[in-house]
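Chemist: Task: produce atomic coordinates for the following.
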Amino acid sequence: MKQKLKELLSDFRKNEKSIMAFNLQNSYQLEAARLVSKKLETPLIVQFSERYLRFLDEKYGMEYIVKQFSNNFTYFHLDHCIDLDYIKYCVDLGFDSVMYDGSAFNLNLNIENSKIIKDYASKKGCLVEGELGKVSGVEDGFGDEGSSYAEIAEIQKYVNETEIDLMALGIGNAHGFYSDLDGLKLDILREASLNLSNDQLFVLHGGTGLPDKVIREAIGYGVVKINVSTQLKKNTMDILNLYLSKNELYNEISFSNMMIEGLSSVFEDYLIKYTK
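Modeler: Predicted coordinates:
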């Protein structure tokens, strides 16, 4: 029996563990995620940026994807999105969680729209993630190069008024590879954890390239979901280049096997380290 995502994440909060959320783009990545989660009997989140979700939906149909790549350990999530209708569409598809990212808007509008999605999703057992403070970098067509830090007074107001399930905070984290960690402020997470209820669940965006010590500290402050995207893209390219170096002609079977096997090791490493 598949455990409800809310119950699972609440357990992780108490036990200082985190589910890994991977931004996926193709069937090789989806299959590797499904196989690894089943093999390790360890949950993970299959998440999609809006542009890739629309692409996959048009190509295969999301009903097929959810059915084909689901098991008792995979959960489906819509990442950064501001289109309220599209978020509701994903809720109706049976996604376990969705993200309304109003971090670029003023606080009141962010709260207003978050409440609309929270009300709609909660009726169908779907969790909602919100964000305050902008995570820098463009990822899959979403975001910009600027960033901002979440402020504790705004965090308290937002959480109290929206009763949001999952809270992502801008703490100097970034999409993509980090050139340095000078701007990372984990004390924002620490303060938020101290000032909000003990069962508030936090999300860490920009998990690629963060040292283990930083991630462990973030988990200690209530982070129960860690997003990884750039590292997976890099590993996918590495596997592709390895295949090209070993083969003169393309063979779908051998390519598929190499891609799924290589990606599986990436998923395993993260799951064993932070979730299992």
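
Chemist: buried set for stretch 47-65?
Modeler: Neighbour-count burial for stretch 47-65, counted by 16 or more other CB atoms under 10 Å, picks out Gln47, Phe48, Ser49, Glu50, Tyr52, Leu53, Leu56, Asp57, Met62, Ile65. In this view, the C-beta of every residue, glycine as well, is placed from N, C-alpha and C.

Chemist: Take those residues and keep only those in strands.
Modeler: Of those, the ones assigned to strands by DSSP state E are Gln47, Phe48.

Chemist: and the buried residues of stretch 47-65 as JSON lines, adding distance to Gln200?
Modeler: Formatted as JSON lines, the entries for those read as follows, by distance: CB to CB, whole Å:
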{"residue": "Gln47", "distance to Gln200": "20"}
{"residue": "Phe48", "distance to Gln200": "25"}
{"residue": "Ser49", "distance to Gln200": "25"}
{"residue": "Glu50", "distance to Gln200": "26"}
{"residue": "Tyr52", "distance to Gln200": "29"}
{"residue": "Leu53", "distance to Gln200": "27"}
{"residue": "Leu56", "distance to Gln200": "32"}
{"residue": "Asp57", "distance to Gln200": "32"}
{"residue": "Met62", "distance to Gln200": "30"}
{"residue": "Ile65", "distance to Gln200": "31"}
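
Chemist: Might you report the residue contacts of Ile45?
Modeler: Contacts for Ile45 were tallied using CB atoms under 8 Å, 6 or more residues apart in numbering; they are Ile19, Met20, Ala21, Phe22, Thr74, Tyr75, Phe76, His77, Asp96, Ser97, Lys225.

Chemist: gap between it and Ser18?
Modeler: 10 Å (CB to CB, to the nearest Å).

Chemist: Kindly report the same for Phe12.
Modeler: Summarising the geometry, the distance separating Phe12 from Ser18, computed by CB to CB, is 6 Å.

Chemist: And those two? Which one has more around it.
Modeler: Per other CB atoms under 10 Å, whichever of Phe12 and Ser18 has more neighbours is Ser18, with 26 against 21.

Chemist: hang on, the earlier thing: buried ones among the contacts of Ile45?
Modeler: Judged by 16+ other CB under 10 Å, buried ones among the contacts of Ile45: Ile19, Met20, Ala21, Phe22, Thr74, Tyr75, Phe76, His77, Asp96, Ser97, Lys225.

Chemist: Which of the residues you listed sits closest to Tyr243?
Modeler: Out of the buried ones among the contacts of Ile45, the one with the shortest distance to Tyr243 is Phe22. That distance is 20.8 Å, counting by CB to CB.

Chemist: tell me the SS of the closest one?
Modeler: What DSSP: H, G, I helix; E, B strand; the rest coil gives for Phe22 is strand.

Chemist: and it, what pLDDT?
Modeler: Per-residue confidence for Phe22 comes out at a pLDDT of 98.

Chemist: Equivalent analysis for Ala150, please.
Modeler: Ala150 is assigned 87 on the pLDDT scale.

Chemist: now whatever helix or strand Ala33 lives in: how far from the chain's centre is it?
Modeler: Counting by DSSP states H and E, the element that carries Ala33 is helix 27-40. Averaged C-alpha coordinates place helix 27-40 at 16 Å from its chain's average position (CA atoms, centre = their mean, to the nearest Å).

Chemist: Over to stretch 46-59?
Modeler: 14 Å.

Chemist: what comes into contact with it?
Modeler: With CB under 8 Å, 6+ apart as the contact definition, stretch 46-59 has outside contacts at 21-25, 30, 33, 62, 65, 69, 74-81, 83, 86, 90, 139-142, 227, 229.

Chemist: give the contact list for Arg216.
Modeler: Shown here is Arg216, which makes no contacts under the criterion CB under 8 Å, 6+ apart.

Chemist: Buried residues, the helix or strand where it lies. List them.
Modeler: Taking DSSP H and E as the definition, Arg216 sits inside helix 212-220. Of the residues in helix 212-220, those buried by neighbour count under the rule 16+ other CB under 10 Å are Val214, Ile215, Ala218, Ile219.

Chemist: who's in contact with the first one?
Modeler: In this structure, Val214 makes contact with Leu181, Leu184, Leu186, judged by CB under 8 Å, 6+ apart.

Chemist: Met258: which of the residues you listed is nearest?
Modeler: Proximity of these to Met258, judged by CB to CB, is greatest for Leu181, which lies at 33.5 Å.
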